[in-house]
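In: Structure, please.
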Amino acid sequence: GTYSQSDIGIRFVDARQSTQTPVPFVRNACRRTYQRAIVVPTHSLELIWKNYETFETTTAAAAGSAGGPSSAAAARQFGARVIGEQRPRFQAARMAYRERKRKMEGIDTAALPVPPGKGGPNQQEQVKLWKGFLEYERSNPQRLEAAALTQRVDLAYMQALMCLLHFPEVWYDYARWQAESGKGVEQATLCLVRAVAALPDCLLLHFALADLEEAQGNTAAAKEVYEALVKQLEPPPGVLQQQQQPNGNAEPAAAPQPAGGPIASLPPDQHALVWVQYMRFSRRIESINFARRLFIRARKARCPWQVYVASALMEWRIAQQRDVARKIFEKGLEMHDFATTPEYILEYADFLCNIGDIDNARALFERVLIEEANRKSVLLWERYLAFEFEMGDLQSALRLEKRARETLEDSGGAASSNSARNIQLLLLRYQFLDSWACPPYQKQYLMYMMGKGPAPPGFERQRRGGGTLGGSDSGIADGVKAGADDRLAGRWQDGIDGDGSSAEQGIGGRLPQLLERFYMMLPPSDYLDGPMPDLDIVVDALFGMGLTGMAAARNRE
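Out: Numbering: from 1, shown residues only. As a prediction, the model looks like this:
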């Protein structure tokens, strides 16, 4: 930034003063240069200000020596007045320099641009510092004019992106700032063009660029963005034509290989997102017929199952064509491995339930559960049971629950997993949305037991100590004891230096036996569910009870 620049202003003034131009012109040019330099927060600001004061003083003295006493007094007054007028500007620049320097402390401006998570343990802190610096620059601490502020913030973003090149949120913030407060939408578009060139596999920036072009009415440019993406997912034209020709074989043609590119190397769900966003764009700009044509094009490229779902829901919600939507879902079940993809099946079942076709939804579950891969899917059985408990009668739901239990038990699993499965099936009977038929602390434990959430406070510590899920009481007691041993070791280790020596004089290697036994009997602190006593008050109360006198009286008895 400007605070790290060299004394260019000083050298420029020296060059001005060394010219052979007539003195009045040089004097005025130097004054303007100094006044421009003293408002720039550089590390040479103090030196520039001192030189400026010297310049004004010597100029006034020279002017006064050329005239009489009155002229000398007037020249001195003029010089003092000019310096007084410029001093607040210098002081504001000095404060801005100090604040900017403080913001830049700790920032490694020479760090290499690496993707998130690959920059070492300090990368997160560096990102936080850079973002704080950018926020500070956008706040306009120097109260600059619009043009100067734009240059200042633009420079700050370019500095940050030299280290944060692989962080899409920085690029997007840069583009938003350009569109709202910077040089306008055109510069924001150029910023996003640079962003997608720097991060070609980040769909977020591609879509943001397309939306910006669409919002400005440049639909052709937005379409080019989407076309550049889907062409990476489609096979080359010659390969696609060869696969479309009948070969007389009963075997289906192999899935076409995409043309390749940064987008083609992404996971399938990212491929689906490209097609879905392009279909939505086509529906908005042209009509749903263009979205349908794009879906046919995606099918030829063997698109993921999410594209079928998006097209079917578009037909139902936008065009009110539920029969067309059902055909799209059925077509998906016939192709590829969608028939053994639980997520796709559940989307189809949700669609049937939403349109009120309960019988076909039940038939869909029965049809797909014939497949061996689907019979082992806990997700499908859960949703089928939830569907039956909501839409069917109790007897049919209980029969289905028995089928699910027997099928999942046949797939193998320990007794503890069967116990978790039984309580999970019971919960499905009474669950609605996120409401469970148990208090919150039991819900947390049950979610952990079913593998759907973290362990309750202190429970994982017991299991590490020897307790087992669904184990005996003795195992849990051993776990509590082991947890106490861990706490005792951790508490005692706090008083030991790194080399194993005692941190304080007079401390041995163990606590007194009685105190150690008492400490091991205490439950973990996170077991306490209630008001926490003030430790100082408790200790004062114990010291004030006179236990020594009570013990002596007991001994006399």
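
In: ok, now how distant is Ala147 from Ser181?
Out: Remark: distance between Ala147 and Ser181 (Cβ to Cβ, to the nearest Å) = 12 Å. Just so you know, the C-beta spots here come from the backbone N, C-alpha and C atoms, and that holds for glycine as well.

In: These two - which one has more neighbours?
Out: Remark: of Ala147 and Ser181, Ser181 carries more neighbours, 14 against 9, as counted by other Cβ atoms under 10 Å.

In: For that one, which residues are in contact?
Out: 138, 150, 153 (Cβ atoms under 8 Å, 6 or more residues apart in numbering).

In: Now which of these would you call buried?
Out: When those are checked for burial by 16 or more other Cβ atoms under 10 Å, the buried set is 138, 150, 153.

In: quick revisit: kindly indicate which of the contacts of Ser181 lies nearest Glu406.
Out: Among these, Arg138 lies closest to Glu406 (Cβ to Cβ), at 63.1 Å.

In: and the gap between the closest one and Ala310?
Out: 38 Å.

In: List the single closest residue to Gln35 in space, sequence neighbours excluded.
Out: Nearest in space to Gln35, with sequence neighbours left out and distances taken as Cβ to Cβ, 6 or more residues apart in numbering, is Gln86 at 6.0 Å.

In: Would you check that the one you found makes contact with Arg36?
Out: No - taking contacts as Cβ atoms under 8 Å, Gln86 lies outside contact range of Arg36: 10.7 Å.

In: of the two, who's got more company?
Out: It is Gln86, of Gln86 and Arg36, that has more neighbours when counted by other Cβ under 10 Å, with 19 against 11.

In: Which element, helix or strand, includes the more buried one?
Out: Element membership of Gln86 [criterion: DSSP states H and E] is helix 69-104.

In: got it, and Tyr344?
Out: In this assignment (DSSP H and E), Tyr344 forms part of helix 342-354.

In: ok so, going back, can you flag which of the contacts of Ser181 belong to helices?
Out: Assigned to helices by DSSP state H, the following of the contacts of Ser181 qualify: 138, 150, 153.

In: So the second one versus Asn140, what's the distance?
Out: This means Thr150. Taking Cβ to Cβ, one finds Thr150 at 10 Å from Asn140.

In: The last one too?
Out: With distances defined as Cβ to Cβ, the gap from Val153 to Asn140 amounts to 8 Å.

In: Pull the contacting residues for the most centrally placed residue in the chain.
Out: Centroid-nearest residue in the chain, with Cα atoms, centre = their mean: Glu169, separated by 9.0 Å. For Glu169, no residue meets the contact criterion (Cβ under 8 Å, 6+ apart).

In: Surely it forms part of a strand?
Out: No - judged by DSSP: H, G, I helix; E, B strand; the rest coil, Glu169 forms no part of a strand; its state is helix.

In: Any regions of the stretch 1-150 of the chain where pLDDT drops low?
Out: Along the stretch 1-150 of the chain, segments meeting pLDDT under 70 span 1-25, 63-72.

In: For Glu180, grab the count of nearby residues.
Out: Per other Cβ under 10 Å, the neighbour tally for Glu180 reads 10.

In: how far away is it from Ser396?
Out: 59 Å.

In: What are the buried residues along the helix holding Tyr344?
Out: For helix 342-354, the buried set under the neighbour-count rule, 16+ other Cβ under 10 Å, comprises 342, 344-349, 351-353.

In: do the same with stretch 87-100
Out: Buried residues in stretch 87-100, defined by neighbour count with 16+ other Cβ under 10 Å: 90, 92-93, 96-97, 100.

In: for the stretch 451-557 of the chain, which spans come out with low pLDDT?
Out: The stretch 451-557 of the chain contains residues with pLDDT under 70 at 458-511, 523-532, 546-557.

In: As TSV, the buried residues of helix 342-354 with pLDDT would be great.
Out: What follows is the buried residues of helix 342-354, written out as TSV (pLDDT from 0 to 100):
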residue	pLDDT
Pro342	94
Tyr344	96
Ile345	96
Leu346	96
Glu347	97
Tyr348	97
Ala349	97
Phe351	97
Leu352	97
Cys353	96
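
In: Let's have those residues in CSV, adding distance to Tyr174.
Out: Formatted as CSV, the buried residues of helix 342-354 follow (distance: Cβ to Cβ, whole Å):
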residue, distance to Tyr174
Pro342, 41
Tyr344, 39
Ile345, 43
Leu346, 40
Glu347, 37
Tyr348, 42
Ala349, 44
Phe351, 41
Leu352, 46
Cys353, 45
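
In: Nearest to Phe365 among the residues you listed?
Out: The closest of the buried residues of helix 342-354 to Phe365 turns out to be Ala349 (Cβ to Cβ; 6.6 Å).

In: Settle this for me: that closest one is touching Arg383, isn't it.
Out: Yes - counting by Cβ under 8 Å, Ala349 sits close enough to Arg383 to count as a contact (6.8 Å).

In: so what sits against both of those two?
Out: Common neighbours of Ala349 and Arg383 (Cβ under 8 Å, 6+ apart) are Phe365.

In: Residues in contact with stretch 205-225: which ones?
Out: Around stretch 205-225, the neighbours that count as contacts under Cβ under 8 Å, 6+ apart are 168, 171-172, 175, 179, 185, 188-189, 192-193, 195-196, 199, 226, 229, 277, 281, 284-285.

In: Please settle this for me: is Trp136 part of a helix?
Out: You called it Trp, but residue 136 is Tyr. Yes - if the criterion is three-state DSSP, then Tyr136 is within a helix.

In: tally of neighbours for the residue lying closest to it once chain neighbours are set aside?
Out: Nearest non-adjacent residue to Tyr136, counting by Cβ to Cβ, 6+ apart: Lys103, 5.1 Å away. Per other Cβ under 10 Å, the neighbour tally for Lys103 reads 21.

In: could you check the distance from Lys103 over to Gln151?
Out: Lys103 is 18 Å from Gln151, where distance means Cβ to Cβ.

In: go on, Val185?
Out: Computed with Cβ to Cβ, the distance linking Val185 and Gln151 is 18 Å.

In: Show me which of these two is the more surrounded one.
Out: Val185 (17 against 14).

In: what's near enough to touch the more buried one?
Out: The contact partners of Val185, by Cβ under 8 Å, 6+ apart, come to 178-179, 212, 216.

In: let's see 6 Å
Out: Going by Cβ atoms under 6 Å, 6 or more residues apart in numbering, Val185 touches 179, 216.

In: Need the per-residue pLDDT for it.
Out: pLDDT, Val185: 93.

In: same check, this time on the one 5 residues further on
Out: The model reports Leu190 with a pLDDT of 96.

In: What would the stretch of helix or strand it belongs to look like as PDB? C-alpha coordinates only.
Out: Element membership for Leu190, per DSSP H and E: helix 185-198. C-alpha atoms of helix 185-198 as PDB (Å, rounded to 0.1, in the frame of the first residue of the first chain):
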ATOM      1  CA  VAL A 185     -20.900  -2.800 -13.300                       C
ATOM      2  CA  GLU A 186     -18.500  -3.000 -16.200                       C
ATOM      3  CA  GLN A 187     -15.500  -3.200 -13.900                       C
ATOM      4  CA  ALA A 188     -17.300  -5.700 -11.700                       C
ATOM      5  CA  THR A 189     -17.800  -7.900 -14.800                       C
ATOM      6  CA  LEU A 190     -14.100  -7.700 -15.600                       C
ATOM      7  CA  CYS A 191     -13.400  -8.600 -12.000                       C
ATOM      8  CA  LEU A 192     -15.500 -11.700 -12.200                       C
ATOM      9  CA  VAL A 193     -13.900 -12.600 -15.600                       C
ATOM     10  CA  ARG A 194     -10.500 -12.500 -13.900                       C
ATOM     11  CA  ALA A 195     -12.000 -14.500 -11.000                       C
ATOM     12  CA  VAL A 196     -13.200 -17.400 -13.200                       C
ATOM     13  CA  ALA A 197      -9.800 -17.400 -15.000                       C
ATOM     14  CA  ALA A 198      -8.000 -17.700 -11.700                       C
END
